[in-house]
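K.L.:
starting from these lines, generate the structure:
(chains A and B)
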Amino acid sequence: MSGAALDRREVVRALLERRGDLLVVAGLGSSAWDCTAAGDHPLTFPLWGAMGSACMIGLGLALAQPRRRVLVVTGDGEMLMGLGSLATIAVQRPGNLAIVVLDNERYGETGMQKSHTAHGTDLAAVALACGFAKAEIVRGGAKLAALRSELHRGKGPLFYQVKVGRDAVPLVLPPRDGALLRQRFREALLGKRAAAQ
Amino acid sequence: MRRKTSAPDWPGEIHRVLMSQRVRQVSYVPDAGHKRLIELCQADKGMVAVPLTTEEEGIGLAAGAWLGGERAALLMQSSGVGNCVNALTLAANCGFPLLMIVTLRGEWGEFNPWQIPMGQATPEVLRLGGVRTLRIERPEQALETVTAAARLAFDGYAAAAVLIAQRLIGTKSFGEKP
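P.N.:
This next block holds a predicted model:
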């Protein structure tokens, strides 16, 4: 790894800064805490379970809201459980969908066991081989500003495997009530239509 | 000339229900029993057909669709129900509507013993996962049953599955005469 490892909290804070109309799905565990630390938001849907589903929720949302930008922020372990979804997403080619994997090469919530990426699994290469418009590994902070801009303007589907450090960070938890998370998202996005259908 | 008593085109009826229920995203892992319905959904310009690598992807897709203001349906055969179990927490915890249409294997003159355990367990697995099940045995039940399940899902905010009996689809024999 070249240079100091990126701080996951700083990465997510930078990516969600002035988020505009971005719709966000956060994978379970540390990624959801990172998004919450950047500011709890009704248009962030954090997961507490259904591991492996984050990218597919992002796809359903991106297909339903083609004029909005959709960002999935998840971890390497969560992404590994839903690898097939990269192929499914590539078939649909949603131009408004971006996936950021915060890759610390560990299962952080369960005792920091090494994940497959610690042994060399190249998630960006998988995404590219599936047919993503762009997929790369990001090391170091120099690219973060450009990455943030890509999330808002780049032609998707986009995939960024951001190598982050393993320092412990404080728990910043989003609400756990799934019904609340669902409904506040729909009300913020759909307004009165949220109740109508 | 068609006789009045001829069986309705049940895949066509299911497609018409999905249209009238404003289902927009139709995801599937293929099954021979769903062949015609999948083709109808692919040809429908008002629908997005989403082939999946594994069935639980469709539970996530349906949740995302609903967050974005659209309705989804998920087609699979019974062997795929087992793949969905953990993802069903999305419906149970968040109250996401879920409409599954499941063709059954392993129950009516099944030729392949490997289909029998999951096929037989399917209704119970769905029930334990919080999914209400309705069953179609005859072609003329398709329209009302899928309509009822869609209402449970989209008006009742429930997880609902329509189980299509293997007897209706026909038993796969791999070319051997039964």
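K.L.:
CA only for contacts and neighbour counts going forward, please
P.N.:
Will do.
K.L.:
ok, now how distant is the closest residue to B:Arg71 other than its chain neighbours from chain A?
P.N.:
Computed as C-alpha to C-alpha, 6 or more residues apart in numbering or on different chains, the closest residue to B:Arg71 that is not its neighbour in sequence is B:Val23, at 4.7 Å. Computed as C-alpha to the nearest C-alpha, to the nearest Å, the B:Val23 to chain A distance reads 11 Å.
K.L.:
please report phi then psi for B:Val23.
P.N.:
Taking degrees, to the nearest 10, you get phi -80, psi 130 for the backbone angles of B:Val23.
K.L.:
do you know the pLDDT at it?
P.N.:
Looking at B:Val23, its pLDDT stands at 98.
K.L.:
you'd agree it is up against B:Ala73?
P.N.:
Yes - contact criterion C-alpha atoms under 8 Å: B:Val23 and B:Ala73 qualify, at 6.7 Å.
K.L.:
who's more crowded, these two?
P.N.:
The residue with more neighbours, out of B:Val23 and B:Ala73, is B:Ala73; 25 against 20, by other C-alpha atoms under 10 Å in any protein chain shown.
K.L.:
sec struct for the most centrally placed residue in chain B, please.
P.N.:
In chain B, the C-alpha nearest the mean C-alpha coordinate belongs to B:Ile101, at 1.0 Å (C-alpha atoms, centre = their mean). On the three-state scheme (DSSP: H, G, I helix; E, B strand; the rest coil), B:Ile101 is labelled strand.
K.L.:
what's the local residue count around the residue lying closest to B:Val50 once chain neighbours are set aside?
P.N.:
Excluding the flanking residues, the one nearest B:Val50 by C-alpha to C-alpha, 6+ apart is B:Ser27, at 4.4 Å. B:Ser27: 25 surrounding residues under other C-alpha under 10 Å.
K.L.:
buried ones in stretch B:98-110?
P.N.:
B:Leu98, B:Leu99, B:Met100, B:Ile101, B:Val102, B:Thr103, B:Leu104, B:Arg105, B:Gly106, B:Glu107, B:Trp108, B:Glu110 (16 or more other C-alpha atoms under 10 Å in any protein chain shown).
K.L.:
kindly report the same for stretch A:53-73.
P.N.:
Buried residues in stretch A:53-73 (16+ other C-alpha under 10 Å): A:53-65, A:68-73.
K.L.:
now swap in stretch A:156-171 and tell me
P.N.:
Residues of stretch A:156-171 classed as buried: A:Gly156, A:Pro157, A:Leu158, A:Phe159, A:Tyr160, A:Gln161, A:Val162, A:Lys163, A:Val164, A:Gly165, A:Arg166 (neighbour count, 16+ other C-alpha under 10 Å).
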